[in-house]
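Here is a sequence together with a model predicted from it:
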Amino acid sequence: MAKEVKLLGQWVSPYVLRVQIALELKGVSYEYLEQQFGENKSELLLKSNPVYKKVPVLIHKDRPICESAIILQYIDEVWGAGGPAVLPSDPYERAIACFWVSYIDDKFGPSLVGLIRGKTDEENAAAAEQAILGLELLEEAYEKSSRGKRFFGGDDVGYLDIVLGSSLRWIEVIEIMRGIKLLDNAKFPLLMAWAERFRAAAVVKKLMPEAGKLMEYAKEVQARMNAAAAN
Amino acid sequence: MAVSGDEVKLLGTWASPYAIRVKIALGLKGVSYEYLEQQLRENKSELLLKSNPVYKKVPVLIHKDQPICESAIIVQYIDEVWAGVGPAILPSDPYERAIARFWAVYIDDKWFPATIKIIKVKDEKEKAEAIEQSFAGLSLLEEAYKKSFKGKPFFGGDNIGYLDIAFGSFLGWVRAIEKISDIKLIDEAKFPLLAKWAERFGSVTTVKENIPKTDKVVEYYSKVLKALWNA
């Protein structure tokens, strides 16, 4: 059944990691196809995601599904029996989880990208401010929604855990690269404790990219950007 | 079959296509609700600020005193809470749901921002680019309609569904933009399927009740938005 499900991804992408975690949680075997960056996009990627030409793309029974949030919901619906529910079953709780996922994708995620790509001190400061605001909101959201449970989703890793948790490795890298503390234990005790629990989850330990490897990649990206700027 | 709804409030503005989506969804389900027109420029209401502290925007649905924000999330919430009532808004098949969600996201992230830009920018070159991007988006949607929705009267099939609502709620603005800039966007010659779909969508009772008249939108642009955007 491995061929029935394919995942087009890139090992550095937190969006791809989200999908891998979800598939793993549901016990779905799949064929992982690492994609090239930049110019040499594969035929399969271009055919499967002609609109955005980006990863992740899930291909199930030869039909592509794009956009990580949409893929996660698809996985939860198709392989409902395979593991604990990824999305909350209560409509209101589901709406709250979807709200924060949307916030992470629209505001928090881009601030992290801003911190990686920022060229000036001002850009970096603005991005850092936005990122920290995001963490403040998420710390508060965790307090409200989790009601003392281990994860945003309750006893098990759920939708919001997967989405936020997939950016943890990048947050670590950014903290080192930029010499700033984002996930500050003093400011965000609940998120820090949550992050430790998330990282310790078997499925996450198996799939998170190595910090060292990601750091190397980030340095390469910076070097390329600096070279391009210099020219 | 009206469902008792002193528990349902909707914070919106008459011109907001996002609020219109929610009105249509509530209308389809026959849910009675209290509509509260909001001020967005200055003097945001206490209720709005309390209900949507993160974005301070409309629409916000308040159900049993719990706020739900973001139009896409609200529409899905309505579909789930009033699942037994009226037609289903989202398709039942997971793959079809993923496709409907994908195009709704595309419309929000790419197509409408490009389209509204047509009347926001003064520079002729920027305007021409915006028009081109809007046409490119309509082209994709025309193709999607042909491929994925296979000649049914609506994206949702025989009845209007999630993607019809997501896309069609912009029609008041589309017609206003066409009038203001003297361009035909949903041109029958270029996009025959979409043009006919727009007519059918526009004739649905719930839609007719909630999409503002083109002239009212044009007037709002001329008297309020134009000055605001050129500032």
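Looks like it came in fine.

Before we move on, what's the pLDDT of residue B:174?
On pLDDT, residue B:174 comes in at 98.

I meant to write residue A:142 there.
Predicted confidence (pLDDT) for residue A:142: 95.

what are the phi and psi values for it?
In terms of degrees, to the nearest 10, the main-chain angles of residue A:142 are phi -60, psi -40.

so how far is residue B:34 from it?
Per CB to CB, to the nearest Å, residue A:142 is found 32 Å from residue B:34. C-beta here means a position set from N, CA and C on the backbone, and glycine is covered the same way.

what do you get for residue B:28?
18 Å.

Residue 102: neighbouring residues, count only.
With no chain named, the answer covers chain A. Using other CB atoms under 10 Å in any protein chain shown, the number of residues around residue A:102 comes to 17.

Let me rephrase: I mean chain B.
22.

Can you list the helices and strands that the helix or strand harbouring residue A:77 packs against?
Assigned by DSSP states H and E, residue A:77 belongs to helix A:68-78. When contacts are defined as 3 or more CB pairs under 8 Å, 6 or more residues apart in numbering or on different chains; DSSP states H and E, helix A:68-78 sits against helix A:14-25, strand A:57-60, helix A:91-103, helix A:159-165, helix B:94-106.

Sheet partners, orientation included, of the second one?
So that's strand A:57-60. Counting by DSSP bridges, the strands paired with strand A:57-60 are strand A:5-9 (antiparallel), strand A:63-66 (antiparallel).

CA atoms only for that strand, dumped as CSV, please.
The C-alpha trace of strand A:57-60 is given here as CSV (Å, rounded to 0.1, in the frame of the first residue of the first chain):
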residue,chain,number,x,y,z
VAL,A,57,2.0,17.9,-1.8
LEU,A,58,0.2,14.7,-0.8
ILE,A,59,-0.6,12.4,-3.6
HIS,A,60,-3.2,9.8,-2.7
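
pLDDT of that strand, averaged?
Per-region confidence: strand A:57-60 scores 98 on mean pLDDT.

For that strand, give me every contacting residue.
For strand A:57-60, the external contacting residues (CB atoms under 8 Å, 6 or more residues apart in numbering or on different chains) are A:4-8, A:19, A:44-45, A:48-49, A:64-66, A:71, A:74-75, A:78, B:95.

and with 10 Å instead?
A:3-9, A:16, A:19, A:22-23, A:28, A:30-31, A:33, A:35, A:44-45, A:47-49, A:64-68, A:70-72, A:74-75, A:78-79, B:94-95, B:98 (CB atoms under 10 Å, 6 or more residues apart in numbering or on different chains).

Using PyMOL, define a selection of the buried residues within those.
This is the PyMOL syntax for the buried subset of the contacts of strand A:57-60, where burial follows 16 or more other CB atoms under 10 Å in any protein chain shown:
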select buried, (chain A and resi 5+6+7+8+9+16+19+22+23+28+30+35+45+48+49+64+65+66+67+68+70+71+72+74+75+78+79) or (chain B and resi 94+95+98)
